[in-house]
Structures are given as C-alpha cells and as structure tokens.
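**Student:** Provided below for reference: sequence and predicted model.
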Amino acid sequence: MVQQTTEKITLAKGLNLGLRKAMEADPKVLLMGEDVGKLGGVFRITDGLQKDFGEDRVIDSPLAESGIVGTAVGMAMRGYRPVVEIQFDGFVYPAYDQIVCQVAKLHFRSQGRIPMPMVIRIPFGGGIGAVEHHSESPEAQFAHTPGLKVVACSNPVDGYWMIQQAIACDDPVIFLEPKRQYHADKAELDDSVEPAPLFTSRVVRQGDDVTVLAYGPTVKTALKAAEAAAGEGRSVEVIDLRTLSPLDMGPVHESVRRTGRAVVCHEAHVNLGLGAELAARVQEECFYSLEAPVLRVGGFDTPYPASRLEEEWLPDLDRLLDAVDRSLAF
Amino acid sequence: MVQQTTEKITLAKGLNLGLRKAMEADPKVLLMGEDVGKLGGVFRITDGLQKDFGEDRVIDSPLAESGIVGTAVGMAMRGYRPVVEIQFDGFVYPAYDQIVCQVAKLHFRSQGRIPMPMVIRIPFGGGIGAVEHHSESPEAQFAHTPGLKVVACSNPVDGYWMIQQAIACDDPVIFLEPKRQYHADKAELDDSVEPAPLFTSRVVRQGDDVTVLAYGPTVKTALKAAEAAAGEGRSVEVIDLRTLSPLDMGPVHESVRRTGRAVVCHEAHVNLGLGAELAARVQEECFYSLEAPVLRVGGFDTPYPASRLEEEWLPDLDRLLDAVDRSLAF
Amino acid sequence: MDGTAPASPGAGFGPDLAEVFGPSQQHGGPELVQLLTPEGERVEHAEFRFDPGPGVAEDEAIRGLYRDMVLVRRIDTESTALQRHGELGIWAQLLGQEAAQVGAGRALRPQDFVFPTYREHGVAWCRGLDPLKLLGLFRGVDHGDWDPKDVNFGLYTIVIGAQTLHATGYAMGMQRDGVVGTGDPDRDAAVIAHFGDGASSQGDVNESFIFAASYNAPVVFFCQNNQWAISEPIERQTRIPLYQRALGFGFPGVRVDGNDVLATYAVTQAALQRAREGQGPTFVEAYTYRMGAHTTTDDPTRYRLSDDVESWKLRDPIARVEAYLKRNGLAEQSFFDAVATEADELGVRLREGCKALPDPQPLDVFDRVYAEMTPELEAQKAEYAAYLSSFEGAH
Amino acid sequence: MDGTAPASPGAGFGPDLAEVFGPSQQHGGPELVQLLTPEGERVEHAEFRFDPGPGVAEDEAIRGLYRDMVLVRRIDTESTALQRHGELGIWAQLLGQEAAQVGAGRALRPQDFVFPTYREHGVAWCRGLDPLKLLGLFRGVDHGDWDPKDVNFGLYTIVIGAQTLHATGYAMGMQRDGVVGTGDPDRDAAVIAHFGDGASSQGDVNESFIFAASYNAPVVFFCQNNQWAISEPIERQTRIPLYQRALGFGFPGVRVDGNDVLATYAVTQAALQRAREGQGPTFVEAYTYRMGAHTTTDDPTRYRLSDDVESWKLRDPIARVEAYLKRNGLAEQSFFDAVATEADELGVRLREGCKALPDPQPLDVFDRVYAEMTPELEAQKAEYAAYLSSFEGAH
Ligand SMILES: Cc1ncc(C[n+]2csc(CCOP(=O)(O)OP(=O)(O)O)c2C)c(N)n1
Ligand SMILES: Cc1ncc(C[n+]2csc(CCOP(=O)(O)OP(=O)(O)O)c2C)c(N)n1
Ligand SMILES: [Mg+2]
Ligand SMILES: [Mg+2]
C-alpha cells in the first residue's frame, strides 16, 4: 500500500510499488517467474509480494522460460493478466518462440477474440559488471515484431506508473527495465500527479542545437552529455522515447525540425538497432530540415564483452558528445 | 555429380547440386533437419543426398529445432561442418536461443578457439499460399546479431554457388532461400565460371534515376518494376544485396551517389526491417547526394495475413513503382 | 589415478531398458488398452470399461460414436476433395484417426477446454463447432474464425507443441478459479491438450509436462501416435513406447488403442476425471495410424511401404464398430442408411459452404493486430487505403 | 451422450505415482547408491563398487581423491574470498559438491570430453586445467581463456542447459569418428554433460535426452541435484526423484550419493563405460547439497532454513574420507599436513595470480567476432581506434 502521497524511491522500489498497486487493483493480475516468490526476484523487484498476495498470485516457476511465457499465454486465455519476469535479458531467448509466434499473434490470429494482456518484464542493458548474457539489449527484435508493444522506463517515477499502465493495457507489452538504474538514483514520487499516457515520448531537456534520442539506461547518459555540452555553449535537447513500439515520433519530428540534427543513443548494437528505424523515419519525415545526417551511437557490432571492457563498449558521455560534435560539425 | 558444365536448373536444383558438391568436397559436411533424409526435405532440396551419402551424413532429426541447432553446435565443436535445415522460416524460433546465444557467440566467447562453421538454411518469405508461420521473413533479427553472417540468394546460379561458399565459410551463416522461387524460374548454370565472393552485393540492372535495393524474393519484383519503369522512361538501377550481414555498401553508395535516390524493398515488416539499416547508412554516407529520402516498401507492420491476402500484403510491382514515383517526385 | 575401467564395466544399470520395454510394436504391445477388437468383438479390460454415464443406454451411445466417426470421416474426405479441386490450399487429413478423436472428444464435458493441433477435426466436431469453420484456415481466408470461448475449443496451432503450454497455463487458471476438485461434477473442469508423436520431442511439450506436474494442473496430454511425423517414423522420436514418457515426469501414462473408440473414450474419460478431481495430469497415448498423407501436399510413397498401410486398414476404427453393431443386432440397416444420408448432406454443405466463405479484406489486417490500435498502424492503414483507392479511378 | 463420468472415476492408472516413488527425501531415499557413509564407513552395494583400475592401489586412489577434494575446496573458498575483496565480480560456489565433481572428474579418461556449467571447478581441476583460468570469467577479463581441445573440457556455459545439446552433438560426432564401441580402451570415448537440478526443467535438456536416446549417443548426463536452483527447491522442478526422468526417455537413470566420492566415481565410471562401449546415454543424479549461496551475490537466508544446512554439514564429503583414511590407518598425519600445505600454496598462487590476470584490451573485441572479420567491423574498429587515440593528446 502506498500510504503517503510523496516519497523518495529508487527505480526498484517504484516498480515494486507499481506491481503492488496493480495487484491490489485487479485480482486477475498474477506474477510469475524464476525466484520471484520468497526471494522477491534476484533484483528484489517483487519483494514482499508473495508474502502479501500468496503463492497462487506470485508464482515461482520451474526453470524454463518458454514454459513461463507459454503457460502465461494459457492463463491470459483464461482471463488472467500475467506479469512475467525474465530474470535477465540474455535469458529471454528460450521464450522467443512463444513470444513471437504466440503472444504477439494470438490477437491477430483470433480476429481479436483472444486478447493477450500480458506484461513481460525484462531487466536489460549493461553496466553492472556481470558475466556473459546478463547485459543484453534485445529490444529491436521485439520492436520488429507486430503484435507486441515495447516500452522502456528510465527513472523511478516512470517505473511506478508505466508498469501499472502496461498491466492495464490489453495488448502484450515487453517491459524493459534498465537494471543498472534499479538502485542508482532516487526520485520523488507524487502519487497524486496524473501520469502521461504509456505510449508517449517525452522531452526531458530542452535545447536548440541538436536532438538526442535515448531510452532506458542511456537517458541518464544523454542528460549528462547535455549538461556537459551546455558548459561548452551547445544546447542539446534530450528526448526519452519511453515507447519503442509503437514509436511516438511526434515530439521527435517536432524537435528535429527545429534543431536540424539528431543523434540516437542506445546500448544495443548499432546495426539494426532502434537507431536504424529512428534514422530512417527522421530522414524521411524531416528531409528538408536536416542539416546533418542522423547519427547513431551504441553498442558495437560485437557480442557484449567481458565486463572489464563494458564501460568502453557501452556508449558513454564522451562517445555521445563526440557524435554531437560530429553532427554539429557537419 | 555435376557432369556437364552448363545446364538449365531451378533454384531448388541449384541448391541441391551445391549441397552435393560441398558434401563431395569435404567429408566433414553433414546435413541435418526434419525430413531431410528419405523425403529429401519438404521442398526436396536434399533430394537423393541421404541415398548417396548415407544416414550418418544426412541426418533426419527428432522434431525439435533447438535440438537440431544445439546438437549441430556440438558436431561443429567436434570438427564437423553441419548444414542445418529449418523446415520453414516460422519454425526457426524454437532454435533462436541456440542461434543467438551459442552459435553466434562461441567464436567470440572462446577468443577464436571454437570456430562455428555452420550453415542454417531457412526457406523464407511468402507467396506460396501457405498457412500461418510458413511465410515469415526473420532476417533482420539475425542480421542484428553480431557473430552471425546472413545471406539471401535470389536465383538458381547464386543458389548453387552461395550454398557452397557458405559451407566453406568458417563462420556461421544464416542462409535464406526464397521458397517462392524454388521451382519458379530456370537459369543456365555454367560450372566453369568463377563465382563472385559470397559477401558481395551485385548490380543486377543498371539505371540512372533511382536505385532499388532488394534481396531474395524481391529481386525479381524489382527487376520487373525496373522493366515497367523503363517503359515509362524512368531508368531504375537494381541491386541484389545478396549479403545482409555484413552489408556490402560499396555498390549501394556508389549507385545512390549517382542516382540521388534509393528505395528498399523487402517482404519483412518495414519497421526495423533491413530497410531501416539501409536507410540509416545511406542517409549518413550519401547525405549530400540524396535528392529524396530513402523510401521503404515492405510487408506491413502486421502479422503475415491469411494467404488469400498475401499478394496484397507483400510488396509487389505496383507498390514498388509507387515508391519509385514518390522518390522521383520528391 | 587414471580412471581405468572397472572389471565389470556398465554394471549396475540393470538390463537394457529398450530390451525390457521392447520396440514399439505394430500392434501396440501388451500394454495397449482395448475394449473392441478390430474384428468388432467386445473385450474386457481389468481397469477400464466403457461407461457412457447414467441415463444413457450403451448401444445408443455406441451408435452415436459410430455416427460421429462417419461424419468426421466425411468432413475429412470432402475437404481433401476440396483441396484437389483448388478450393483449399492444403488440408491436414485425419483418415484413420477418427476413433482417437471422437473417443477423446466425447469424453469431454462442456466446461472442459480443448487445445488442438491442426488435425483435430474430429474433436472439433464433438465440441459442436461448425465444420465449415475449419476450412477457413486451409482455404487461406482466416486463421480460424471461431470464438474459442463459445465451444471451449481453442484455435488450431501450427507451431508444433506450443499449445501444450497454453493448455497447462489454462489449467492453472482453472485451479485459481476454483473449478478443480470441488466435487461438483458440473463445476469441476479439466483441459485436454492434443499433440502428435513428433511433437513429443519439442522442448515446449516436455516443459508442459514439468509445469503440469509441478503445479498438479488439471490437464490431460492426449497424444495421437499416428506413427509418423511427416516422413519420420516414431522410432526417431522415442525408443520406448511413448506413453512411458510420463513416468519420467511423475504422472501416469497409458497407451490406448486409438482405433478403438470405446477404449479411447473410457481412458480419456478416466484421465479427465482424475484431472477434474484435482489428481493432476495424465498422459494418454492413442496408438493409431495416419492412413493418409501428412497433408495434401505430402507424398508418403517416398518414405513408407504400402504394405504397412494395408495392414492398418484391417484395424479401421469405423469398420469395427459397424461390425459390432451389426453382429449384435444393435442397429438396423435404416440407421446406417440415415447416417450415410446425413454424411452426404454434410458433404454438400461443406462443398457449397466452402466456396461461399467470404474472402478477407486487405484493410482488415491492420485492425486486428492490437486490442488498442497504435497511431502508427492507423497511419499505415490510411496510407494503404489511399494507395488502394488511387487504383479505383484507373478501372 | 453427455460424457458423464464412469462409476469408478480415475480408475485404471494404478496408484498415485508420487506416492509410489515418495517425495525426494533428505537422505536420498532407498535408491541412493552409497559406498562410504557419512561416518566414513565403507559399505557394499549390490551393483557398484569402487575400482580405481588395474595397477592402482585402492588406498592410494582414495588418498588422491581426498587431496583433490581438499584442493578443490580451497579453490572455492579462496575465490569466494577474492570476490569479497573485490577481485572477482562474482563467484559460483561449489562448497559441498566436491565429491560429486571429483568423483565424476576422476572417472574420465583423457579422450572423454566434458561440457560443464559455470560451477564445475572441481571437474576442471581433474581435467588438469589451471584453476587460475577459471577466474577470468568471474573477474570479467574474459569468457574463459582456455582451449577446450587442450584439456577436453569445454567453456563454462551460463545459459542454463544449452550445453547438454552441445554434449549430445559432440557425442554424435564421436560416433561418426568411429571412437565408440571399438573395444579399444584407449580409443573409445564418451562425453559427460553437467547440469543442475533446476536445469532439468529446460526444454533444451529434455531435447538432449531425446536426441541422445534417438541416436544412442555416448553421453552421460551428470546432474548435480544440489536441492536448489537459486531460491527454488527441487520440488518445484520435479515431484519424483530426478534420476527417474531418464526412464521416460528410455535410458537408465541412477541416483548416487553425491557427497560420497567413491560412489560417485564408481557410478560415473560405469556410465561412461556404457557410453564408450556404444550402449548409449545414462542419467546420473548426484544427490548433494549446495552448502553455500547460489553465488556470492545471493542471500540464501531469505529462502531456506539454516537447520537444513546444518544437517547437511554432517554429510560433508571431505570429512567422511578423512575419517575413513584415519580410522583405517590408510594415511599418516604427514599426508594430511602435506595436502594442507599444498592447499595453502594453491591459495597463495590464486590470490596473486588473480590480481595479475591481464585486463582485456578494448580493440580486441572486434577481432574475435568472426573467423573471417568483416569489412564493416574492420571499419568500426578503425573508427573506434581513431576515437580512442584522439584522447591520447588530451592527457
Ligand atoms: C516448430 C515446428 N517445426 C516444424 C513444423 C513443420 N511440421 C508440421 S507438422 C510436422 C510433423 C508433426 O508430426 P506429429 O507431431 O507426429 O503430428 P502429426 O502431423 O502426425 O499429426 C512438422 C515437422 C512445425 N509446424 N512446427
Ligand atoms: C536460460 C537461463 N535462465 C535463467 C538463468 C539464471 N540462473 C542462473 S543459475 C540459475 C539456477 C540454476 O539452478 P541449477 O540448474 O539447479 O544449478 P545450480 O546453480 O544449483 O548449480 C538460474 C535460474 C540462466 N543462467 N539461464
Ligand atoms: Mg504423427
Ligand atoms: Mg541446483
């Protein structure tokens, strides 16, 4: 129960509170995943929920991701609203077939008769010094799949609201949580403020010279870069995309038409990452406004490296600023 | 055995002959998949090979795609060169985890000590009037994955050579075969002509006004569109990309710098399809040459429809010409 | 220590299991539950008996099953013909599997829920689904145009095995709804998941066994072992009788003569009842044979002997019920004539209905992707609509 | 027909299997193969016996196993300490599983091949892999910097269960290489696939059983049932003893006391020998306990009782061998002292070696993606190199 109207919370706490609210609001909401029960998940996002809502609603599953998502499909057919936790980004792939061929297609296949109100939560991205498969950014693959909706939160308050909105959505939502941010920064949550709709982007810093598009973990990087750039007299606008599929291109086009320049920043591999789609759309819609090509900064086109290299491998403030400079110099 | 130096063959035959040559050339080459043995595959691409090379080299597998690819990984570790058949594009997803986390990463993970000389053959694309899951175009997801190489053949002669080159490649290759073309057109195979290297694109029709980028099944569409456009006085250059990862952008950039316009055409969903990456690269590399934004024509951002609608849903000559017109009118 | 082999290598694992179980025999082996022989003779089984339930006369029930099978076979042959005439793109034939499907289908109660493969035309029939509805998918006009909730019969699933997990999850939902093990026969419900022998190799199917066992979910895994997965014989998928797979997961498995509608009915009914009562999952292997091709595009002469097919013809599921009814004077000729007439009428209805199935409309595809359509898809639809209408002037 | 239940619902499936098999008991149940009790007493088993092979004295062999286990435990405690000191990012502890790993590892011949999980430090030791090599992955400097071909020990696999399919495929490769069932003990080879109790639920693992059975591949599935998959107890994954899973796939399974190094050695050796001889796969369940946390980032007090841990301490795998050796006068104090000294030296070597592990270089990542580097990656590397060198002036 969220008692007070404002409190300082982490992203982990925001998600936990949001899940709790959703479970209180609707008895059909179930949580399922590996270690989500007693342990509260390896990141403690479901901490305390099994204790309060019981084993029937917070379900520890056998160790099988396809099984988790596949049985969640069946529960959704029976009228439940399953919220599934994939323990780490790199472990979503055994469930890929169920997600892409079943979750994404059942509404279409059934001509709308079988809705799939399922949320698949995935802690994603790097920067926590983990071993292989624990730092992936699989979002492009899901965004390429019609039938899924894909969102990424970037801060505690969004985490709190967006998870509730995703659960309330009658379509399947891939819900990406920047694990590096789980316990990083705190923010003030005011429960009485009406949140923005789920599938909208947001300008998180205004600027005139260049537009930086980011989501999830790179929003913080982008904001820091904008701060640093401001020190050197360059005015960077930062947009937190929040929704990756559908994209909310309105604010993006408006911004780029104004600045004439855009840089996309994500942790996923650049090749065929979200930046590709954003560049393709921006160059089409803002063709005459662009003063430089849309540039992309992201993970290199190599597998994620051993963690001692991750800070070099991930797009950071310097690499983003470098791209901003290149854009401005064009 | 290919006896004569020239003969008229279909794509299916070209692939069959190519597989045969590769098996003759290297005893380590194994084929594996569902129904590849006695039946010769549901498309008969492996016709006659089990009879001639035995059950140890042409292996009918249990009905489990992850099992097929996963055991092929083990065989590759033991020094074999497995060529795996996925029966239809839509059934590659159960193997997705093995492909993305194992096949793609083992060379990297082992610092080059474990090569993965594996070919994963996938009949892909639509147009054959099939039921659901039999007409997918999953290439973007594989191209987004570092460690994989992805190619698509579009004609019988390429099929013959490219499959041999893919098998000879020491890296894992996702080998896409446009199933609609298997038995469609015949072409003259001259075994004595040296083929182009595998990872190269090819200008298949020259033109000056606009560049159309296509691969696999849409190459034929593009050529027909170019023919039709020629009748109306527009000169369309067509490039058969052939390699989707890596992309061979040299011929593309050269062409677009000349024509100033590019249209990409594929059957995959437009959103985050190959066209996104091509548009992103072209706008970056040919920024000052572009007279119109790069346009994309492809499958809509919906699941593949019931087959009575597929000819409307798939990009066809008219939709491609429409995009060419829009590009020229820009 | 160099790890040299002990004196008696390989000791301790007992006899070779494959030897104990024996290869899966053509006649199903001694474990096969049978209540009606291929010759149409009733036989007793120590544990299972045919019981159509209170208030239903046995011979009437058996006539009903006969009628079901004849009509289901007609659906199949008619659809095959429709495919040959170009009215269907493809058809998945069930010839030879009528008893397995009707036996399973008739064992269901209204509140039970079915997850089919792409071949469950006979189960669909038992659920009361209009057989015309089955044709849409194969004609290419839809992916299955019925509401699963209306008949408690899910859409056909083409990705092998995927539906077994859905079935298990649905059964877990029933547990949460409190409709399992209450003791109220009109309330207690179960799920049946259909799949093939080939499907038993998929990870998903085995995971569904694990989840069902772990949660003791009320689900019956009903496997039609028709001996083939396209061109691959059952021996490629398992070296022991398939029903024994369940033992490894800790729930019972049973092999029933899938060409014997009475036995299939009895075994499925008992398995469903276990599930409804809260005793958890059961694996039923209906041992049968795919008499036809895998689908109308398949050519089985490439991989199997016609002799095998011939020997299975002697075990025809319909012929044995007919023989039983006739020999025991349980049905008049008029009954058989009436069923034949009904089948003919059904055939006509299918032929005509198939051709009349409405073609889908291009713009519909956009509307069906999401419950809440996205603005970008809305835009794509509008663009396409404009494009389409640009041709209208041209005509 | 309305599908009403028969008079004796649920009949015919025999007694409840879970009752027959019983829940998985803390002590492993009557089926547990044991050759050395927790108190250090040798016991006979009807089918398995400890046989170190010709020319090796038994007590010498047992002293060797003792030494292995002590050193392996030191690798583990030292690495845990290194993690606490920030030298490793994480460490997967094996405390309590020394006997399972050393027993399995010592049963191997040089030509056999191992597919480990991320916890097989003890098996790595038996294969002769420098334990320092294990640290790179956990320190974050590499993903495993050894050549699997050198020691016939694959890289650690983190995606649960994936390696069981690789193992099966590798074993299929051995069959094709003609190194199975030739009768030549120096030639015949087998594969061992390690995985955990949790892993047994993955589709991949069950598919590997199917492939191994279908092709009769020479692979031993060695499952360390340490009772936990992070916070989930074994009961979530299976309701019958895990070794019985194999029965459903048609090959033998056996449960061995995984805290008994002699029994684990004997059972694994016999299973490997079956495989080498061409008798196909075996499932070995090493019944053991994860004494520590799942990894150094885990907090097991959140989900399990310390009482359970205490009771398992009484079954310590090293203590029982020590008791046996001492009670029977098979080792002098000087032996134990020497092993302790060796362990201390190993500890020092690990501590120093760990800190000296070279950091990886940023540009290396580009070179390792492909056997044949692509021009576009070459370009990306060059661009990044130029970017990096642009900072050099700045310092
Ligand atoms: C995941 C997946 N892989 C492959 C296929 C192609 N396929 C369709 S049916 C079939 C054989 C199925 O055999 P079985 O499970 O025995 O069912 P049956 O067709 O005999 O009823 C195959 C391989 C598929 N539909 N899905
Ligand atoms: C596919 C996959 N899903 C989830 C994980 C996260 N994970 C790592 S270890 C583990 C538990 C494994 O338990 P078990 O198989 O019993 O092995 P143990 O750790 O006990 O040795 C989990 C869930 C993973 N590594 N891979
Ligand atoms: Mg079958
Ligand atoms: Mg475990």
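**Tutor:** That came through, no problem. Since we're looking at a predicted model, the values are computed, not measured. Residues are numbered from 1 along each chain as shown, chains lettered A, B, ... in the order given. Ligands and ions are numbered 1, 2, ... in the order given.

**Student:** how about the residue of chain C found nearest ligand 3, what does it touch?
**Tutor:** Nearest residue of chain C to ligand 3: C:Gly196, at 3.7 Å (C-beta to the ion). Where C-beta positions appear, they are placed from N, C-alpha and C, glycine not excepted. Contact partners of C:Gly196, counting by C-beta atoms under 8 Å, 6 or more residues apart in numbering or on different chains, are C:117, C:119, C:160, C:223-226, C:229.

**Student:** try C:Leu314
**Tutor:** By C-beta under 8 Å, 6+ apart, the neighbours of C:Leu314 are C:Pro38.

**Student:** Against C:Glu277, how distant is C:Pro218?
**Tutor:** 8 Å (C-beta to C-beta, to the nearest Å).

**Student:** could you measure the spatially closest residue to A:Gly33 that is not a sequence neighbour against ligand 3, distance?
**Tutor:** With C-beta to C-beta, 6 or more residues apart in numbering or on different chains as the criterion, A:Gly33 has its nearest non-adjacent residue at 3.2 Å, and that residue is A:Glu85. From A:Glu85 over to ligand 3 the distance is 36 Å, taken as C-beta to the ion, to the nearest Å.

**Student:** can you pull up the bridge partners for A:Glu85?
**Tutor:** Here A:Glu85 sits in beta bridges with A:Gly33, A:Arg121, as judged by DSSP bridges.

**Student:** Give me the neighbour count for it.
**Tutor:** Neighbour count of A:Glu85, defined by other C-beta atoms under 10 Å in any protein chain shown: 25.

**Student:** That one contacts A:Arg121, doesn't it?
**Tutor:** Yes - under the criterion of C-beta atoms under 8 Å, A:Glu85 makes contact with A:Arg121 at 4.9 Å.

**Student:** Need the residues touching each of the two.
**Tutor:** A:33, A:45.

**Student:** Can I get the helix or strand that contains A:Phe108 as PDB, trimmed to CA atoms?
**Tutor:** For A:Phe108, the enclosing helix or strand under DSSP states H and E is helix A:106-109. C-alpha atoms of helix A:106-109 as PDB (Å, rounded to 0.1, in the frame of the first residue of the first chain):
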ATOM      1  CA  LEU A 106      -2.900 -14.500 -30.900                       C
ATOM      2  CA  HIS A 107      -5.000 -11.400 -31.000                       C
ATOM      3  CA  PHE A 108      -4.500 -11.200 -34.800                       C
ATOM      4  CA  ARG A 109      -5.000 -14.900 -35.300                       C
END
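
**Student:** Quick one: mean pLDDT for it?
**Tutor:** For helix A:106-109, the mean per-residue pLDDT is 98.

**Student:** residue ranges of the strands in the stretch 51-200 of chain A, please?
**Tutor:** Secondary structure of the stretch 51-200 of chain A (DSSP state E, counting those that start in this stretch): strands at A:58-60, A:81-85, A:119-124, A:149-152, A:173-178, A:187-190.

**Student:** same deal with the stretch 201-350 of chain C?
**Tutor:** C:219-225, C:228-229, C:232-233, C:253-257, C:282-287.

**Student:** how far is the fourth one from where the chain is centred?
**Tutor:** For strand C:253-257, the distance from its own C-alpha centre to the chain's C-alpha centre is 14 Å (C-alpha atoms, centre = their mean, to the nearest Å).

**Student:** before we move on, back to that, please list all residues in contact with the residue nearest to A:Gly33.
**Tutor:** Taking C-beta under 8 Å, 6+ apart, one finds A:31-34, A:36, A:41, A:45-46, A:121 in contact with A:Glu85.

**Student:** and the residue in chain A positioned nearest to ligand 4, how many neighbours?
**Tutor:** Evaluated by C-beta to the ion, chain A has A:Leu63 as its residue closest to ligand 4, separated by 8.9 Å. A:Leu63: 29 surrounding residues under other C-beta under 10 Å.

**Student:** Would you mind measuring from it to D:Ile160?
**Tutor:** Distance from A:Leu63 to D:Ile160, by C-beta to C-beta: 6 Å.

**Student:** Name the residues contacting each of those two.
**Tutor:** With C-beta under 8 Å, 6+ apart, A:Leu63 and D:Ile160 have common neighbours D:198-199, D:202.

**Student:** so which of these is the most crowded?
**Tutor:** D:Gln202 (31 neighbours).

**Student:** residue contacts, the closest residue to that one other than its chain neighbours?
**Tutor:** Nearest non-adjacent residue to D:Gln202, counting by C-beta to C-beta, 6+ apart: D:Gly161, 3.6 Å away. Residues in contact with D:Gly161 (C-beta under 8 Å, 6+ apart) are D:195, D:199, D:202-205, D:208.

**Student:** follow-up on the earlier one: turn the strands of the stretch 51-200 of chain A into TSV, including distance to B:Gly250 and mean pLDDT.
**Tutor:** As requested, those are exported to TSV (distance: least, C-beta to C-beta, whole Å; pLDDT from 0 to 100):
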stretch	distance to B:Gly250	mean pLDDT
strand A:58-60	54	98
strand A:81-85	44	98
strand A:119-124	34	98
strand A:149-152	34	98
strand A:173-178	36	99
strand A:187-190	48	96
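
**Student:** Does at least one residue of stretch C:183-197 sit close to ligand 1?
**Tutor:** Yes - Stretch C:183-197 is in contact with ligand 1 by C-beta under 6 Å from any ligand atom, via C:196-197.

**Student:** quick one: terminal-to-terminal distance for that stretch?
**Tutor:** The first and last residues of stretch C:183-197 sit 34 Å apart, counting by C-alpha to C-alpha, to the nearest Å.

**Student:** so for it, what's the average pLDDT?
**Tutor:** Rounded mean pLDDT across stretch C:183-197 is 98.

**Student:** what's the answer for stretch C:232-239, then?
**Tutor:** Here the average pLDDT along stretch C:232-239 is 98.

**Student:** Sweet, I'm off.
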